Every structure is written in C-alpha cells, then in structure tokens.
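1. The following block contains a protein sequence and its predicted model.
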Amino acid sequence: MITTVTLNAAIDKTYYMPRFSLGRVSRVHNVYAEPGGKGINVARVIHLLGYPVVATGFLGGSNGEWIRRGLERQELAHDFVNVDGESRLCLNLIDESAGESTEVLEPGPEISEKAMEQLAETVQRLARQSSIVCFSGSLPRGVPSDYYARLVTVTKQAGAKAFLDASGPALQSGIKAAPCFIKPNQEEMAQLLGSAWNEKQDTLLEQLDTLHQSGLETISVSLGAEGAYTSHSMKRYRVRAPHLRAVNTVGCGDAYVAGMAVAVHRGLPIKGCLAYAAAAGSANALTARAGYVDPLDVEELLGQVTVEGE
Ligand SMILES: Nc1ncnc2c1ncn2[C@@H]1O[C@H](COP(=O)(O)OP(=O)(O)OP(=O)(O)O)[C@@H](O)[C@H]1O
Ligand SMILES: O=P(O)(O)OC[C@@]1(O)O[C@H](CO)[C@@H](O)[C@@H]1O
C-alpha cells in the first residue's frame with residue numbers, strides 16, 4: 001500500500017463566481033467543500049486510480065471531524081492523530097470571467113510535542129506496511145522545520161521509499177534526510193536553489209547533481225501547463241503536458257505526486273513513471289474540484305504526454 005501524510009489538513013472550499021473583485025461583494029454560484037490539504041489530495045487521487053492507500057497526519061476540532069467524516073464518505077482509509085485546536089479552512093476563489101484563481105490559506109492549529117511523537121510512531125507503523133510514504137504540504141504552527149527530515153528517516157528505516165512535496169525551510173531541511181523523490185514547482189525550486197529556475201542553465205543543473213550525490217534519486221520540477229523537468233539519477237528528462245482547457249489547476253501538483261507514487265509502486269520504468277505522473281497532474285486540471293481525477297481522463301491523456309530524454 002501507499003501512505004500519505006498531511007500535517008496541515010484542511011477543509012478545501014472552492015468558490016466559483018462570475019467575477020471576483022477585491023473590496024467588493026462577490027456572489028458565489030457554485031461551492032465545493034472537500035477534505036483537503038496536499039497529502040489528502042494525493043491519497044484521494046491514488047484511491048481514484050484504484051490503488052490501496054492510507055491517509056495520516058493531524059486533525060483537530062470540528063473541522064477535523066468534518067474532514068474525517070468526508071474521508072469516510074469517500075471510502076478513503078485514514079489513521080490520523082487527534083490534536084487540540086481546529087484544522088484549517090483553505091479557500092480557492094475562482095473568477096470565471098478572468099479565468100483566475102486566488103487562494104486564501106489559514107495557518108492551521110498549534111501542534112504539541114506529544115502529538116508529534118504520536119505521529120512519528122504512526123508513520124513508522126504504516127511505513128512498515130507500505131512501499132511508499134508521501135509527505136505533502138505546509139507545516140502547522142509549532143512544528144519545527146526539521147520534522148519532515150525526522151519522518152523521512154523513520155520511513156526509510158522502516159523499509160519504504162519517502163516522497164516529499166514541500167516548500168521553503170520544510171523542503172530545505174527535509175531533503176537533508178534524502179527522500180527518494182521531491183516535486184517542487186518553479187517557485188519552490190527557485191527558493192531551494194536561490195535563483196530563478198531555468199532548465200538551460202548548467203550551474204542550476206549541477207546543483208541538481210549535488211542533490212543526487214546526497215542520496216536524492218528523482219527531482220521533478222513541475223511547470224504547470226508546460227509539463228515537468230525531471231532529473232533522475234543524474235539523467236535528464238523533459239515531459240510535455242497535453243494542451244487542454246483547464247477548469248481548476250489547484251491540486252495538479254498533488255495529482256502528479258499521486259501518479260508518480262502509483263507508477264513507482266507498480267514498478268514502471270522511469271519514462272513510464274514520468275508520463276503517468278504528468279497524465280494524472282493534467283487530468284486534475286479537467287475537474288472542478290481540487291485533488292480529483294477521472295481515471296478515464298488519465299488513460300486518455302497518457303497517450304498525449306511526451307517524454308524526451310535519455
Ligand atoms: N494548465 C494545465 N494544462 C495541462 N496540464 C497541467 C496544467 N496545469 C498543471 N498541469 C499538470 O500538472 C502537473 C503539476 O502542475 P503544477 O506545476 O501546476 O503543480 P503545483 O504548482 O505543485 O500545483 P498545486 O500546488 O496546485 O498542487 C504538471 O506537470 C502538468 O502535468
Ligand atoms: O498550505 P499548503 O499545505 O502548502 O497547501 C494547501 C493547499 O493549498 O494545497 C492543496 C493544493 O495543492 C489544497 O488542497 C490546499 O488547500
């Protein structure tokens with residue numbers, strides 16, 4: 001099975017409105033409310049693709065209870081640690097006339113030392129039964145930036161592969177534990193390398209090699225509609241995503257991670273993994289909800305993804 005870890009779970013609300021203007025009243029005509037946060041999205045996409053998955057992390061308060069009930073409705077297996085305080089609400093405001101999305105993300109609850117210990121034990125137990133453990137998203141308050149590194153180490157010691165999709169100090173510190181796979185987008189990659197991402201710049205590619213030397217096997221820089229650039233064991237690949245009419249691109253990165261996890265779990269060769277990950281990411285863009293794919297879309301888009309490289 002695959003385990004996903006969401007430290008900062010959320011009720012994801014997506015508001016569709018004809019027009020959104022700051023400082024004005026905006027009326028919403030369509031609302032979706034879903035259990036979310038990046039790792040929960042990854043788990044849902046893995047489940048929709050037909051593979052066994054368990055979601056863990058922290059849940060708190062009545063929002064946490066709402067998320068738990070939502071996971072049950074979606075038949076998603078879960079094993080969360082209860083915390084004091086409230087799990088957060090994340091808003092995605094979609095302005096249909098401009099075709100723009102604005103996200104408003106709460107910081108999440110304060111996490112105690114005791115809850116962090118409990119989650120480390122849960123991750124160790126689940127990792128022993130898993131091929132892959134995916135860590136995704138921001139850190140709620142009180143969680144130190146090296147917590148992902150600790151959980152990645154626990155995962156590797158338990159014999160599973162660790163995937164990490166984080167940003168800023170959490171990513172910077174997490175990669176010190178050498179996860180098997182990371183998926184920064186261009187912005188996150190620029191933060192990590194200290195310079196704007198440019199796949200033609202040799203000095204940046206050399207920095208990727210330094211990351212490989214520290215044990216990181218696969219680095220996918222996701223590029224939205226442009227696809228992804230991947231460095232795998234010092235070999236380079238360029239994936240072109242299919243052209244499509246995007247409905248909602250929030251969660252595309254999570255669907256990409258889910259596709260990659262499924263493909264690695266199935267033992268596909270690297271080019272097959274990259275194509276499947278991109279097809280899953282692109283399929284998410286076709287759905288109104290964040291962190292959803294129709295498996296038929298994934299199969300169809302797989303035929304339209306191209307992978308160039310070694
Ligand atoms: N507009 C689009 N058209 C086609 N494919 C897309 C589009 N946007 C995203 N994708 C697919 O999804 C993958 C991941 O997208 P992206 O780089 O936007 O992730 P992200 O920034 O991490 O997203 P998020 O944080 O919202 O989950 C891309 O590599 C691509 O395959
Ligand atoms: O604050 P984080 O954890 O970085 O991001 C949270 C979030 O924006 O990411 C998902 C889309 O990838 C949404 O479901 C969720 O609301």
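-> Right, received. Where do you want to start? Ligands and ions are numbered 1, 2, ... in the order given.
2. Please count neighbours and contacts with C-alpha atoms only from this point.
-> Noted.
3. What count of nearby residues applies to the residue of the stretch 51-200 of the chain at minimum distance from ligand 2?
-> Nearest to ligand 2 in the stretch 51-200 of the chain, going by Cα to the nearest ligand atom, is Gly137, at a distance of 3.4 Å. Gly137: 21 surrounding residues under other Cα atoms under 10 Å.
4. Equivalent analysis for Glu65, please.
-> 15.
5. do the same with Arg238
-> Arg238, neighbours per other Cα under 10 Å, totals 21.
6. can you check the one 10 residues further on too?
-> When neighbours are defined as other Cα under 10 Å, Asn248 has 22 of them.
7. In this structure it contacts Ala285, no?
-> Yes. The pair Asn248 / Ala285 is scored as a contact, 5.1 Å apart, by Cα atoms under 8 Å.
8. ok, the residue of the stretch 51-200 of the chain found nearest ligand 1 - contacts?
-> Proximity of the stretch 51-200 of the chain to ligand 1 (Cα to the nearest ligand atom) peaks at Asn185, 5.0 Å away. The contact partners of Asn185, by Cα atoms under 8 Å, 6 or more residues apart in numbering, come to Val221, Ser222, Leu223, Gly224, Gly253.
9. Going by distance to Glu65, which of these wins?
-> Ranked by distance to Glu65 (Cα to Cα), the contacts of Asn185 are led by Gly253 at 25.9 Å.
10. Can you tell me how far the residue of the stretch 201-310 of the chain found nearest ligand 2 is from Arg88?
-> In the stretch 201-310 of the chain, the residue that lies nearest ligand 2 is Gly251 (3.9 Å; Cα to the nearest ligand atom). Note on Gly251: its distance to Arg88, by Cα to Cα, to the nearest Å, is 17 Å.
11. before we move on, what about Gly23?
-> Distance from Gly23 to Arg88, by Cα to Cα: 24 Å.
12. between these two, who's got more neighbours?
-> Taking Gly23 and Arg88 together and counting by other Cα under 10 Å, Arg88 has the greater number of neighbours (24 against 6).
13. Leaving out the residues flanking it, which one is nearest to the residue nearest the centre of the chain?
-> For the chain, the residue nearest the mean C-alpha position is Asp254 (3.3 Å; Cα atoms, centre = their mean). Leaving aside its sequence neighbours, Asp254 sits nearest to Val42 (Cα to Cα, 6 or more residues apart in numbering; 5.1 Å).
14. Where does that neighbour sit, in terms of helix or strand?
-> Element membership of Val42, judged by DSSP states H and E, is helix 38-48.
15. Just confirm yes or no for that helix near ligand 2.
-> Yes. Shown here: helix 38-48 in contact with ligand 2 (Cα under 6 Å from any ligand atom) through Lys38.
16. The next helix-or-strand element following that helix: partners in the sheet, and parallel or antiparallel?
-> Sequence-wise, the next helix or strand downstream of helix 38-48 (DSSP H and E) is strand 53-60. Neighbouring strands of strand 53-60 in its sheet, by DSSP bridges, are strand 2-6 (parallel), strand 77-78 (parallel), strand 81-83 (parallel).
17. Okay then, goodbye and thanks.
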